[in-house]
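Asks: Okay, structure incoming, though there's no sequence with it:
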């Protein structure tokens with residue numbers, strides 16, 4: 001037991017040190033994990049024979065990644081980008097895989113092995129490319145959007161590739177890797193027709209359970225009020241689907257992907273993503289570390305020339321394909337080069353598919369070891385390709401800074417409304433009536449259901465969580481409306497957003513004056529008290545009920561607002577004393593008395609002359625009265 005604790009500590013220590021350093025030097029977290037694995041594995045020898053066992057466990061991170069990819073597939077957005085998705089993405093995978101397969105076949109490999117290698121090397125690194133595009137502010141450019149479309153198609157293509165690989169098995173190849181995830185299955189002894197029925201039934205069960213039982217399960221769990229139980233249910237869902245797929249001898253990633261697609265439009269989407277994301281990230285990081293730790297330095301030393309040539313060959317072939325596609329789809333100038341240089345490498349799914357190909361006797365152990373090094377080499381070169389783009393391509397095309405900023409701006413980014421209750425729903429309805437795209441988040445399941453009944457795009461989730469806001473698209477959002485009931489969480493949310501996303505305009509609802517000042521201190525751009533304007537409206541109605549003309553009542557209310565606004569800075573400073581002493585200060589009370597006196601004086605000045613004692617203070621000016629009201633008023637004065 002002590003040995004496993006030490007091994008776990010070594011892996012985590014290496015990740016904690018290497019990944020922040022890699023990100024600081026612009027290399028990305030994936031390369032950081034790979035470097036950490038190389039250091040603790042073949043370099044220092046701190047981890048040993050348990051690497052393969054840990055790698056099988058860490059592959060579950062890939063299952064979680066496919067689940068999250070499935071949840072991102074909103075049919076409407078996919079249809080909007082269908083040309084780039086199917087055209088660019090489909091052609092890139094087909095052409096790159098065909099080129100790689102033909103080259104492998106020409107070098108003497110079996111066509112099954114060559115096809116598998118071509119498909120594996122056609123995939124690029126989603127983790128490295130998207131992270132780098134976001135860090136450099138290039139995600140909103142034409143080249144960045146095109147790269148995203150291709151990466152999305154590649155992630156989707158992993159599913160059919162996983163299904164195809166077992167069909168390419170060769171009897172003469174010993175993969176040299178133990179089967180994982182298929183030790184026990186229910187179909188090995190069944191005839192072909194029964195096997196097919198069981199597989200179809202399992203897929204149907206996943207889709208049906210996700211559509212009908214999933215929402216019911218999550219509603220049941222949410223009513224318990226325990227967040228850890230919701231996290232447990234999310235993990236249970238993914239693990240259960242992976243186990244079911246393994247029992248029928250299918251890829252666990254396939255089942256997780258299907259479940260993600262089914263739940264893509266669920267109100268629990270963002271909360272599920274926020275709960276699974278940390279586990280996915282940690283397990284994927286562990287997987288990359290085991291890949292680095294499993295690199296055979298003997299093979300690297302003896303075959304370094306082949307590794308370098310093959311790695312550069314992969315980059316060159318994929319680069320030529322991408323250049324041709326950029327030209328065919330009209331992606332010109334620096335955007336075409338960005339598309340080409342960002343996707344020319346092999347990706348993290350290559351490690352997964354190589355392991356899977358070894359297990360299914362499609363690729364031999366020796367070739368798989370060599371290709372592992374090739375994939376890792378191409379990923380290590382990717383940051384250098386982005387440096388070439390920054391220092392060579394951009395200066396050549398003299399990209400104007402203002403033009404780049406305009407390209408990065410996304411007008412269709414949604415407004416995020418945190419809180420879908422009585423206050424937030426009114427905001428949502430007003431925005432929706434003006435065709436403003438938005439997404440609402442709330443922890444009250446009943447509020448979410450009510451909002452969805454009136455066709456407001458809303459999801460269950462704790463909007464005060466930074467990871468959930470990230471999943472909801474805070475990076476692309478232009479506006480955040482904070483309308484949650486919890487005072488402290490509202491302040492914490494504003495602090496988080498203004499710290500990590502300072503360009504997002506934050507509108508916040510305040511419970512009272514003190515809460516409004518706290519929100520202002522936290523960085524809110526605009527604060528509105530939930531009762532302030534309704535109280536003013538009611539106050540003006542009170543004056544009208546006492547005999548004041550409605551126009552004068554409105555004028556009094558407006559003067560009240562102007563007077564407070566003029567002394568807002570003094571009120572804010574006085575409030576700070578209250579917060580410090582936890583009791584109302586003398587200065588605060590005196591200030592409010594002076595405000596009332598100033599308001600009364602201002603109203604007298606607006607009338608032009610002081611009111612007479614026999615005229616009620618709430619009486620309207622004569623010029624504002626209707627003729628009938630003026631006659632009645634003059635008759636009353638004569639009688640008096």
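Replies: The structure has been received and is ready for your questions. This is a predicted model, so every value here is computed, not measured.

Asks: and residue 223, backbone torsions?
Replies: When read as degrees, to the nearest 10, the backbone of residue 223 gives phi -70, psi -20.

Asks: Tell me how far it lies from residue 130.
Replies: Using CB to CB, to the nearest Å, residue 223 is found at 36 Å from residue 130. No exception for glycine: its C-beta is placed from N, CA and C like everyone else's.

Asks: Which one's more surrounded, these two?
Replies: residue 130 (18 against 9; other CB atoms under 10 Å).

Asks: pLDDT score for that one?
Replies: pLDDT recorded at residue 130 is 76.

Asks: That one in helix, strand or coil?
Replies: Secondary structure, DSSP: H, G, I helix; E, B strand; the rest coil: residue 130 is helix.

Asks: Wait, it touches residue 150, no?
Replies: No - look at residue 130 against residue 150 with CB atoms under 8 Å: they stay out of range, at 11.3 Å.

Asks: Mind pulling the model confidence for residue 113?
Replies: On the pLDDT scale, residue 113 is placed at 90.

Asks: again with residue 96
Replies: Residue 96 is assigned 93 on the pLDDT scale.

Asks: and it, that one's in a helix?
Replies: Yes - secondary structure of residue 96 (three-state DSSP): part of a helix.

Asks: Relative to residue 316, how far out is it?
Replies: Using CB to CB, residue 96 is found at 12 Å from residue 316.

Asks: lowest average confidence, helix or strand, in the chain?
Replies: helix 401-408 (a mean of 35; mean pLDDT, DSSP states H and E).

Asks: what residue ranges in the stretch 501-640 of the chain are flagged as low confidence?
Replies: Counting by pLDDT under 70, the stretch 501-640 of the chain shows low-confidence ranges at 563, 567-640.

Asks: Point out the other helices and strands that the helix or strand hosting residue 552 packs with.
Replies: Counting by DSSP states H and E, the element that carries residue 552 is helix 550-566. In terms of contacts (3 or more CB pairs under 8 Å, 6 or more residues apart in numbering; DSSP states H and E), helix 550-566 is packed against helix 532-545, helix 586-607.

Asks: what's the angle from it to helix 532-545?
Replies: 140 degrees (axes from the mean of the first three to the mean of the last three CA atoms, to 10 degrees).

Asks: Show me which residues of helix 550-566 are buried.
Replies: Across helix 550-566, burial judged by 16 or more other CB atoms under 10 Å covers 552, 553, 554, 555, 556, 557, 559, 560, 563, 564.

Asks: Excluding chain neighbours, what is closest to the residue positioned nearest the centre of the chain?
Replies: Centroid-nearest residue in the chain, with CA atoms, centre = their mean: residue 471, separated by 2.5 Å. Distances taken as CB to CB, 6 or more residues apart in numbering put residue 273 closest to residue 471, at 4.4 Å, once the chain neighbours are dropped.

Asks: Give me the pLDDT value at that neighbour.
Replies: 81.

Asks: how about the strands in this protein?
Replies: When assigned using DSSP state E, the strands of the chain occupy the ranges 415-418, 438-442, 458-460, 479-482, 505-510, 526-529.

Asks: and of these, who's closest to residue 6?
Replies: The minimum distance between residue 6 and the strands of the chain falls on strand 458-460, with 41.0 Å, by CB to CB.

Asks: The closest one pairs with which strands, parallel or anti?
Replies: In the sheet, strand 458-460 lines up against strand 438-442 (parallel) (DSSP bridges).
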